[in-house]
Structure formats: structure tokens, C-alpha cells
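Q: dropping the sequence and predicted coords here.
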Amino acid sequence: MAQYARGAAAVAVIRLHNPPVNALSLTVLQALEDGLKRADADPSVKAVMICGENGKFSAGADIRGFSSPKRHGVPLGPIISLIERSEKPVVAAIEGIALGGGLEVALGCHYRIAHVKAHMGFPEVTIGLLPGAEGTQRLPRLIGVPAALDIITTGRHIPATEALKLGLVDEVVEENTVEAAIRFANKVIGQPLGPRRLSLKPVPKLPNMEAFLSEALVKVKKQAHGCLAPELCFQAVKAATEQPFADGVRKERELFNILLTSGQAQALQYAFFAEREVQKWTTPNGASWKSTSPQPIRKAAVIGLGTMGRGIVTSLVKANIPVVALEQNVEYLNMGRKAVMLLLEREAMKMEQGAQTLDFHNPARLQFTVDFDVLHDVDLVIEAVFENMALKKEIFHKLSRICKPGAFLCTNTSALNIDEIASATSRPHQVIGTHFFSPAHVMRLLEIIYGHHTSPTAIATAVQLAKALKKVGVVVGNCFGFVGNRMMFPYVQQAVFLVEEGSRPEAVDQVLEDFGFKIGPFRMSDLAGLDVGWRSRKGQGLTGASLPPGTPARQRHGHRYSPLPDLLCENSRFGQKTGKGWYQYEKAGGRTAKPDPWLHNFLAQYRDTHHIKTRFIDQEEILERCLFSLINEGFDILAEGIAAGPEHLDVIYINGYGWPKHRGGPMFYASTIGLPRILAKLQKYSEAHPDVPGLQPSAFLKKLVAMGNPPLKEWMSYQSRQSNKL
Ligand SMILES: CCCCCCC[C@H](O)CC(=O)SCCNC(=O)CCNC(=O)[C@H](O)C(C)(C)COP(=O)([O-])OP(=O)([O-])OC[C@H]1O[C@@H](n2cnc3c(N)ncnc32)[C@H](O)[C@@H]1OP(=O)([O-])[O-]
């Protein structure tokens, strides 16, 4: 609702009230409208002030309302026009946040006063929409087209200080914003309101508007990766430059409705709520966020300053957590220190642009050492050495002797067994997996893996740490590759099989990039380094010296195996780092992938050697075999209770593996395709490739199809757990 009161003699106060973020539900809008009419009707009221309850203006329209059949209730646009038309000055007091429809309400007001810590923005684009309550028409009139386009097409939140520079707010205050706004309202009583009504203002002209808009469109399209909303946001702002306000509003509404019914908005809104849902973690034995409190992390340590360790240290420093960074010797320490300092300097520069500072020269906040004993008083250690079980166990054994009893011991591993690492310590309940993604100071995902003995407090602390690092922590069970990499194995395997059978790396990558992945599987292997997987396969005895003599080249344990990635590594083709992999690059460390005739020739010879009959493989088969095998593994993961729900898998894929967010994550995508279709296709492909387990339909998928293809929200109610992992 919205509460109506008198703030001072002549000023009526309308306070938006809908905890926790004052979303503009139908009830709130109705109350806002009632408040405005009441103020208008009361001759003793000379000005109106609109603010939000609980130090927050408003997070905008109630997102859940967009999927509700009753969404056509009190429309926001006309209420904003009502505010603007008021003959009494209306002042917005912006505290905390004014986002989406919340900012549109503020733009309807004649004046805006913001607290210095407030943030504003139009995040609609991130949930597949556009500002649909006249925001695309008012904002360019207020701050000009370039700044408005930037805010509307990116959805970024801007701090109050930037908003003041842009002219989005009239004043920024450090004191009580509501009181300041009431004082302000009193001052402006009687002043002419015409110039303050944004719908009456012309859009500021640019000398080269047409050229500016065509360049901007190219940029928007390039960044959209197949997502519709940014381009339609652009079209709505463009309409403001070409048409009178009322026509622009009509265009905005039309574009809004296209987006609302596009399917992408549904996927993006699912992703928004999925991200929040996974914070409410549970484990199969009943531990959960509700009954567990995290321990405070006042000081942390990172062991190993390779690529991952450097990023993790940077993340911790940015989160204001004092860090001790440890390396095995002075030479590695100095290399690591230099790299970390460089990263931090770059981050500090970025933060300065947003008027924030980063303190990393103070040894009390960041200390480098080769001495394990320095770790005696830290609350949490993140080990980030390379993937070698013996080395990790040696480190954990040492840590359990040196660290104080309450300290949590985290391992940054992408596949290794958490229980085995924990077994090297005297405190397995405090050992937990924290799988960061590279670059660790940029990527949002943190896979949090509990082992057999991990305590709920350790899980809650890792989740809290993820939050402090501004990451999305997803709690999952312990199995080889956990969730993300486990689902990735069959996907990459299919990609390689397709190339064996006649496709090319560039064709496979193209199909998956057209689907919306930022980067296809072969480009991704080249970027990550082919040697990483090679080392792991050698460790598993799948290739290299430990492979028993007489093992068929294309078979392991009775299943199909492709030695192609191993052969590339034997030819020193490790990807970008060596300038050659599945593609060729301009030099070692180069980034521009070009198709490589050597590789095509090599593939032709390989197929001849192994008597593989080449065939044409169409885009549909490429897409289905790669994606459906990944999804299939997801169903097994759900059946085993490794993840608490499909949302977890989707959040992992969106935030860690470049899955196109506008397709809502692999399991959401599966639900939109329909499980019967996925099952039928998997059956078809597994009949053609009976020696590929990844294509054999998951029993859980079959069960869901047999139960009538229930909606995603209901899947887990059909899961009879096959193995309890905690
Ligand atoms: C003709 C057509 C007319 C159409 C008119 C269109 C109008 C307009 O242009 C469209 C919009 O405004 S679109 C909207 C544009 N606005 C946006 O896209 C803003 C989206 N929101 C955010 O970005 C973040 O939530 C905040 C930064 C607000 C707070 O972050 P934080 O402090 O980390 O907190 P947190 O954990 O994130 O949230 C706490 C709880 O609040 C919940 N919730 C939040 N916003 C909600 C909403 N709008 N709604 C409902 N619920 C919302 C959230 O789910 C969570 O619930 P839980 O049950 O406790 O899990």
C-alpha cells in the first residue's frame, strides 16, 4: 500500500509501503493514486512528497505480476502522468533504490532529491523488458539521448552522485532525505511547474543524431547475443527522438507488449527468481539456511597465487576482507604479488570512476608470505593450488595443524573429491569446496560443495562469503566434476564426436554461439588450454603411459572415446597459449581464432586411419546432441540429490558457463522444449550411438515424461532420491 500523511503544514506525504523493496503491486498503485487524488482535493495541501518505507524508494513493478493472469490492473503509466499533471509540486525523496517503475514514478515528479547512497536505474532490460511506464520517453528528455540509451539498454544502477551530474536528480543530500525533500517542497510552492513536466520538454538535439543512433544500434546488437530486450529498448528511445511524447508512449507500449510475450522475458524473470531461490540452500539431510548461521570472516588466507589464487585474493580485497596470500617460495610469491597488485590497480581505477576507493597497500589488509605459520589466526583459508590430490592433501594436513580450531578450510577444485581432501585433516566438518571460475575476480559463480562431513555452519559461511564477494553461491553435493563440469563433460564429448563424424570445430562453435553461448566448446577449450583436460585424462588412466597396451584407440571401458584432444596435445597444440589448438592464432597467446587447414587435413587423415565414414551433420543435430546430453546429465544430477532443484543447475550455467540468460538455463530451456521431445531425441541418438552413455536417457527424465511432463517447479516432487550424499 501507500501511506498518506501530512509531513509539514502544507506538504502531503505519500509513503510507498510494500516490504522488502516497495515493489509497485496493484495495491500500492491504487493507494498511490488515491493519495494523489486526496492531496489534489485538499486545498490546504500545497505540495506533495513521495518516498518509500524502510529507506528504499521502490524496486519498480512487482515482477511476479508479469506472469500473473491478472497483470492488467491499475496501469502505472497513467498514474505517472497524473503525478506530472498535478498543479501542486510533487517531490520524490529517493533513498536506497529507485529502479524500474520506481524511477519512472520519480521521473513523473517535478523534482527529485536523492540520498548520497541511493542508486537508480532501469533494470527492465535485464528481465527481458523495457521501462514500460513512459520511462523511455521521459529519461531522454531529461538527460539527453546518449546517457538515457546507456542507462536503459544496459540496466546498470547508477549512484546518486552520477545521477546528479547527469541531471537526473536535482539535489543529493547526506542528511535525512525525507526531511530535506519536505523542506525543498515547501520552497518550491508556487513556482511554475510547466518547465518541470518532462513530457512537455523536447528531447535535447544532437548535431549528428542519425549517425549517433546507427552506431549505438550496432553496439547494442553486438552486446545482446540474441537477447531481444536491448534492441527494443533502443527502438523505444529512438521513438522519443522522432515522435511527440504521446506517440512515443504508444510505441513504448507496443514494444513492451512484444517483449512481455516473447518468452525471453519469462526466461529472464525465471533466472532472476532462481538466483534468489538458490540462496535458500538446503541439503538432503535437512540442513538449511533457515536453521544455520554463518560465522564471521574477519581475516582470510589464499594458498597459491596462480591464475585462480590471484583472482580470489583480488575478490577478497575488493570485499574489504583482510587477506594473507601464501606461495610455496619467494620466487613464486614475488610473481604472484606483482600480478595481484596489477589486478588490484585496475580494479581500483574502475572503482574510482564510481567514486569508490580500494585500500590494498596496507599490510594489515593484504599480506604476502611463504610462511604457513602466519595463517594461525585466519578465519578461513582458500587453497587454490593446481589440481593434484596428493598436493592438496599435504596442504590440508598442514592447515589442520596450523589454523585455529574454528577456521574453515576451503578447496578451490573443479572436480576433485572433497571427502578425500577432508580426510587429510582432523576437522573434516570444516572442510568445504569453493569452486571459483576464471577470472575469479570477475566471474559471478561460486560452486559451494559440501562433503560427507561438512557442517551446516561451514556451508552457511561459504554462502555468506559468496555474498560478500558479490557472487552467486550455489550449494551442491560432492561428485566428480560437481554440477557444472559434470554437465559440461557430455556436452564437450558430443562436440568432439561430431567433429570425428564429419563436422568441423568452427561449424559446431557457430551453432552454439548462434544459440547464444558467448563462446562455443572448441573456442572455449582453446581459451582454457587443452593441456588441462589432457592432464586430468592422464590422471584417470584414459591416455598416456598408464593406458594398458592393446587398448583400442577409440574405446575406453567399453564406451566410445575420442583420442582427438589427446592427439592435439601430443602435437603441442594446447590452444591459445601455444597459438594452435582447434584453431590457429596469430601468435602464442593470440586471441583471434582462425580455421586451421592443418587441422582439417589432420582430421581427414584421422578419419581415414579409423575408417570413419564422413557424413554431413546439420545444425539441428549439432545443437541437440550437445545440449540434450548436457541436460540429460542434469536430470541424473537431480535424481541423485546432488543439487536441490533445477534452478541450481540453471544459475550455475548462466553465471559460470556462458549459457544465454535469455534462455533461462539448460533445465528451464528443457522445460520450454518439452521433456517428451528431449526424451524422443535422446532415444533416437542413443540408438544411433549405443556406445555413448551420455546419450542414454536419464531414468529421471523418463519418469517425468511418464508423469505427464510436469512443470519445472514440480520436478523435484517426483524425485525419489537414489543416493543421499550427506
Ligand atoms: C503496459 C505495460 C505497463 C507495465 C509497466 C512497466 C513498469 C516498469 O517499467 C517495469 C518494472 O519496473 S520491472 C521491475 C524493475 N525492477 C527490477 O528489475 C529490480 C529487481 N530487483 C533487484 O534488482 C534487487 O532485488 C534489489 C536491488 C531491489 C534488492 O536487492 P537485494 O537487497 O539483494 O535483495 P533481493 O534478495 O534481490 O530482493 C529481496 C526480495 O525482494 C524481491 N524483489 C526484488 N525486486 C522485486 C520486484 N521488482 N518485484 C517483486 N519482487 C522483488 C526478491 O525476489 C526478494 O524476494 P525473496 O522472497 O526475499 O527472495
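A: Happy to help now that I have it.

Q: for the stretch 301-450 of the chain, give me the ranges with low pLDDT.
A: Within the stretch 301-450 of the chain, the ranges that satisfy pLDDT under 70 run 353-355.

Q: do that again at 50, thanks
A: Under the criterion pLDDT under 50, no range of the stretch 301-450 of the chain is flagged.

Q: mind listing what's buried along whichever strand or helix holds residue 28?
A: Assigned by DSSP states H and E, residue 28 belongs to helix 26-41. For helix 26-41, the neighbour count (16 or more other CB atoms under 10 Å) marks 26, 28, 29, 31, 32, 33, 35, 36, 39, 40 as buried. Quick note: C-beta positions are derived from backbone N, CA and C, even for glycine.

Q: wait, isn't the third one in contact with residue 76?
A: Yes: in this structure, residue 29 is within contact of residue 76 by CB atoms under 8 Å, at 6.2 Å.

Q: most proximal residue of the stretch 301-450 of the chain with respect to the ligand?
A: Here the stretch 301-450 of the chain gets closest to the ligand at one residue, residue 444, 13.2 Å apart by CB to the nearest ligand atom.

Q: can you tell me which residue of the stretch 151-300 of the chain sits closest to the ligand?
A: For the stretch 151-300 of the chain, CB to the nearest ligand atom, closest residue to the ligand: residue 276, 4.0 Å.

Q: mind giving me the packing neighbours of the helix or strand hosting that residue?
A: If you go by DSSP H and E, residue 276 is part of helix 264-277. Contact here means 3 or more CB pairs under 8 Å, 6 or more residues apart in numbering; DSSP states H and E; on that basis helix 264-277 packs against helix 228-242, helix 646-656, helix 666-673.

Q: what sits up against the shortest one?
A: Right, helix 666-673. Contacts with helix 666-673, where a contact means CB atoms under 8 Å, 6 or more residues apart in numbering, come from 263, 267, 270-271, 274, 487, 627, 630-631, 634, 638, 646-647, 649-650, 653, 659, 663-664, 678, 711-712.

Q: how about the residues of the protein that lie near the ligand?
A: Within the chain, the residues that sit near the ligand (CB under 6 Å from any ligand atom) are 20-21, 23, 59-64, 75-76, 97, 99-101, 104, 123-124, 127, 129, 131-133, 135, 253, 256, 273, 276.

Q: give me that answer again for 5 Å
A: Within the chain, the residues that sit near the ligand (CB under 5 Å from any ligand atom) are 20-21, 23, 59-63, 76, 99-101, 123-124, 131-133, 276.

Q: secondary structure element for residue 630?
A: Counting by DSSP H and E, residue 630 is found in helix 619-639.

Q: no wait, residue 219
A: helix 209-224.

Q: average pLDDT across that helix?
A: The pLDDT scores in helix 209-224 average 95.

Q: what angle do helix 666-673 and the helix holding residue 630 make with each other?
A: Going by axes from the mean of the first three to the mean of the last three CA atoms, to 10 degrees, helix 619-639 is angled at 120 degrees with respect to helix 666-673.

Q: what helices or strands is helix 619-639 leaning on?
A: helix 484-501, helix 505-515, helix 646-656, helix 666-673, helix 675-688, helix 699-706.

Q: now do the buried residues in that helix.
A: Residues of helix 619-639 classed as buried: 621-622, 624-639 (neighbour count, 16+ other CB under 10 Å).

Q: stretch 338-355 now?
A: In stretch 338-355, counting by 16+ other CB under 10 Å, buried: 339, 340, 341, 343, 344, 347, 348.

Q: what does stretch 357-376 give?
A: Result for stretch 357-376 [16+ other CB under 10 Å]: buried residues 358, 360, 365, 366, 368, 372, 375.

Q: now do stretch 554-565
A: Of the residues in stretch 554-565, 554, 556, 560, 561, 562, 563, 564, 565 count as buried by neighbour count, 16+ other CB under 10 Å.

Q: so which of the residues you listed are in helices?
A: Counting by DSSP state H, the buried residues of stretch 554-565 place 564, 565 in helices.

Q: ok, of the buried residues of stretch 554-565, which one's closest to residue 412?
A: Checking these against residue 412 by CB to CB gives residue 565 as the nearest, at 23.9 Å.

Q: thinking the closest one is in contact with residue 528, fair?
A: No: applying CB under 8 Å, one finds residue 565 not in contact with residue 528, separated by 11.6 Å.

Q: re earlier: relative to helix 666-673, how tilted is the helix holding residue 276?
A: Here the directions of helix 264-277 and helix 666-673 differ by 140 degrees (the same axes, to 10 degrees).

Q: give the other helices and strands that the helix or strand following helix 264-277 contacts.
A: Moving toward the C-terminus from helix 264-277, the next helix or strand (DSSP H and E) is strand 300-303. Judged by 3+ CB pairs under 8 Å, 6+ apart, the packing partners of strand 300-303 are helix 307-318, strand 323-326, strand 380-383.

Q: with mean neighbour count added, can I get those in CSV?
A: As requested, the helices and strands packed on strand 300-303 are exported to CSV (neighbours: other CB atoms under 10 Å):
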stretch, mean neighbour count
helix 307-318, 25
strand 323-326, 24
strand 380-383, 26
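
Q: need these in a markdown table (columns: distance to residue 598).
A: Below are the helices and strands packed on strand 300-303 laid out as a markdown table (distance: least, CB to CB, whole Å):
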| stretch | distance to residue 598 |
| --- | --- |
| helix 307-318 | 28 |
| strand 323-326 | 41 |
| strand 380-383 | 40 |
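
Q: tell me the most buried of the helices and strands packed on helix 619-639?
A: helix 646-656 (a mean of 27; mean count of other CB atoms under 10 Å).
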